[in-house]
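Visitor: Below are the sequence and a predicted model; questions follow.
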Amino acid sequence: MTEADPHYLSPAEHEVVAAACERLIPPVGDHPGGQTLGCADYVDTLLGAFTVDPPRIWAGGPVSGRAGGEARFADFLGLSRVEELAWRTRIEGSRGIPEREFNGPVTGWQAEYRDGLVALGADFAALSPAEQDARLDAVPAFKDLLYRHACEGAYADPEYGGNRDRAGWRAIRFPGDVQPRGYTDEEVTGRA
Amino acid sequence: MTDVDAVIVGSGPAGATTAAVLTEAGWSVTILEKGRNHLLDLEPPHGPLGHVSNDELKHLFRHFLGPDPLIEPRTYRRREADGERIFTGSVNNLPSTVGGGGFHADGKLPRFREVDFHARSELGPIDGADVVDWPFGYDELEPYYAEAERVVGVAGDHTANPFAAWRSGPYPMPPGPDMFCAVLTSRAASELGFHPYRAPTGVNSVEYDGRPACNNCGFCGFFGCPIEAKGDPVAPLRQALRSGRCEVRPESYVTEVVLDATGDRARGVRYLDAAGIEHEVSARHVILAAGAFETPRLLLASELGNPDVVGRYLMYHFQTYVLGVFPFSLHGHRGRSVTHLMDDPIVPDAAARDAAREAGLPYFRGGIVEHGAGAHPILEAVHLPAGEAHTRLMLESPMRERLAAFTMQGEDLPQATNRVDLDPHVKDVWGRPAGRVTFLPHRHEAACAAHWAPRLEEVMRGAGAESTFWITSPPLEDARGGVQRDPTPISRHVMGTARMGTDPRTSVCDPWHRLHDVENVLVADSSVFPTSAGYGPTLTIVALAIRAARELAGLTPLRSSPPAAP
């Protein structure tokens, strides 16, 4: 997923999400910020998960190829009927569709982003960091959602669209998935 | 004629084990599982499907093993005075998937001790709780524990725990490698007079039963194992499937146990398939193995079992987390999540006895202490504040790379008011009433946690932690002036909602797990536990399931005796 290959966000929305993630996860030392890590691509992949089939909800397995074996994470798994219902409800909202409203209406993430991005403003990316923080603080529920997604985008497997070039993992010295290689007994027990 | 000899509801440790025993005895069995199948190919030769992976997002944040709260919401309240509910969503969810709770566990598989089966007669009553003896003792269960360890494949050192109950033999495998964090914390614990030991673990330390040795990938607790080094429950399920007499039907949601015309016997069960079409399976015996949350929910929906007791005496473990931040990396992302346990809070010393007396309680029964560490970065990240603090703390990593954690699985006393029932309004995706938990711990649990947590903090400091703190789940509401965090208990150990006993007035199941009122319905899971003990329940679930299934199939009871003294 790149900015040239959007699933849900318009280029302008993508720019706002990226700038907001850069404030929620700002760069420190060798740790890149949320913008560089591709958090907006992660969000775009999630909000547009159902634009591809199978949807980009559960990456495949058993291994990514990064520690050996055949790369299979990019072969996303299919969903059952009720799983698709749940994930479409979570992302798209219930939209008055009776089978999604068995416990009442549900606001989806797409709507939360649409409203949240309007509140942050089309000029968000051009604001000073202090002004950006003030706009984020003015929409606490959306800020929480965006932060949760920024964390996922920074440190989830890159197949989900973020953690570009595994820069999130590299920054925190986390090796990520390690099957089928694993660790030696010495690596488990020893100090290093 | 019935479709099968037995229909089993649920494919976790209890259901899979029951299927393995019954098919070995020549019975035909159908397992109905409401969740998806990611565990193993249901066609011969029943190899792995390759769906599980070292993927934190999928397993911890995207409901991969279920249940998704938008499919199967649960509700929670502390007490009736809270109103109908105070929370709707995930309430101590065990996986809803082929393999059930065994799939995601890190496989710590201790046995209970002798006294755990006779707490009422040996320790006496305790106000506000209904502590009862089990209808049989440890000696009767010992050979089934040994068989459970053989079937699942448990690695451990039978000489290591001075408080352990007697055993008829050693573990099938030696222990796996110690995690670095546990090397430090167990050494410090020993120096302070505790008795840590290498945890008996259902994870292969060597190749076992055709499955490989664990390669320490670190995605253990809350993850499925990509290489099948965890034996529970893939080993018994594969054994049942290979008999040719077991069929597993995933995405099959049982709505009702159906009685015959007499009303005294079950005819079978009714279920909805993946497309929502209703079916019925007829069987000579109905085995409920859906876990201690879903089993009482199904009994209530079917209006079965002693109505004064079904759903009551719900028990979790009262979890006390003692956390220590170290000045150096502990690399808790390598290894099998937890490699050491200690039973000291289960066997009180003088200080604990004094503290119990001061709290006005006849005794403290704590739980095993698991020696673990932080491991997963998204989990770490979402608990940090946004902004510069986020990035700085991710780099310094006090909450993951430098974090050691003790988890005490404190015994939760049985109380009639703690229960599972049917929510009056919230429904699941199939339109059935959601299960509702009403749960508030006994003051014993809180007092016991408050005694042991500072002592465990001292161990953490002895191991080298530069700062320590502790929290509990559920939170201590009285001591801290109201609920500050999510009040739902996060323990995945769920027990006791269809307790067994000899008196049909005070229990739901007889000592062979059969419903007192409908004898061809058997509850195979932890619903039958009369008390929770302070140990993870899974090995006891498997041992009980073997015992009950062998009796049901008319097989010879297993017997054992302690090894002769050298």
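Guide: Structure's in. What do you need?
Visitor: quick one, helices of the stretch 101-250 of chain B?
Guide: For the stretch 101-250 of chain B, the helices defined by DSSP state H, counting those that start in this stretch cover B:119-123, B:138-152, B:180-191, B:234-242.
Visitor: check contacts around the residue of the stretch 451-566 of chain B found nearest chain A.
Guide: Distances between the stretch 451-566 of chain B and chain A by CB to the nearest CB are smallest at B:G464, namely 11.2 Å. In this view, the C-beta of every residue, glycine as well, is placed from N, C-alpha and C. Going by CB atoms under 8 Å, 6 or more residues apart in numbering or on different chains, B:G464 touches B:184, B:188, B:326-328.
Visitor: ok, and the closest non-adjacent residue to whatever residue of the stretch 101-250 of chain B ends up closest to chain A?
Guide: Closest to chain A within the stretch 101-250 of chain B is B:N215: 2.9 Å, counting by CB to the nearest CB. Counting by CB to CB, 6 or more residues apart in numbering or on different chains, B:N215 lies nearest to A:G182, which is 2.9 Å off, once chain neighbours are set aside.
Visitor: Give me the neighbour count for the one you found.
Guide: A:G182 has 23 neighbouring residues, counting by other CB atoms under 10 Å in any protein chain shown.
Visitor: my read: it touches B:C217, true?
Guide: Yes. Counting by CB atoms under 8 Å, A:G182 does reach B:C217; the two are 4.7 Å apart.
Visitor: before we move on, the earlier item: redo the contacts of B:G464 as CSV? Include neighbour count, pLDDT and distance to chain A.
Guide: Listed next are these as CSV, based on neighbours: other CB atoms under 10 Å in any protein chain shown; pLDDT from 0 to 100; distance: CB to the nearest CB, whole Å:
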residue, neighbour count, pLDDT, distance to chain A
B:L184, 25, 98, 9
B:A188, 20, 98, 15
B:F326, 21, 98, 11
B:P327, 10, 98, 13
B:F328, 12, 98, 8
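Visitor: Columns distance to A:A40 on top of those, output as JSON lines?
Guide: Shown next, in JSON lines, are the contacts of B:G464 (distance: CB to CB, whole Å):
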{"residue": "B:L184", "distance to A:A40": "41"}
{"residue": "B:A188", "distance to A:A40": "45"}
{"residue": "B:F326", "distance to A:A40": "35"}
{"residue": "B:P327", "distance to A:A40": "36"}
{"residue": "B:F328", "distance to A:A40": "35"}
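Visitor: in the stretch 151-300 of chain B, which spans are strands?
Guide: B:196-198, B:246-249, B:253-259, B:266-272, B:278-288 (DSSP state E, counting those that start in this stretch).
Visitor: out of the ones you listed, which comes closest to B:L60?
Guide: Closest of those to B:L60 is strand B:253-259, at 24.8 Å (criterion: CB to CB).
Visitor: any residue of the closest one up close to chain A?
Guide: No. Interface with chain A: strand B:253-259 contributes nothing (CB under 8 Å from any CB of the partner chain), its closest point being 9.0 Å away.
Visitor: Please identify the buried residues of that strand?
Guide: B:253-257, B:259 (16 or more other CB atoms under 10 Å in any protein chain shown).
Visitor: Make JSON lines from the helices of the stretch 101-250 of chain B and add distance to A:L136 to it.
Guide: Shown next, in JSON lines, are the helices of the stretch 101-250 of chain B (distance: least, CB to CB, whole Å):
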{"stretch": "helix B:119-123", "distance to A:L136": "54"}
{"stretch": "helix B:138-152", "distance to A:L136": "49"}
{"stretch": "helix B:180-191", "distance to A:L136": "36"}
{"stretch": "helix B:234-242", "distance to A:L136": "46"}
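Visitor: and of those helices, who's closest to A:E187?
Guide: Across the helices of the stretch 101-250 of chain B (criterion: CB to CB), the nearest stretch is helix B:180-191, sitting at 9.0 Å.
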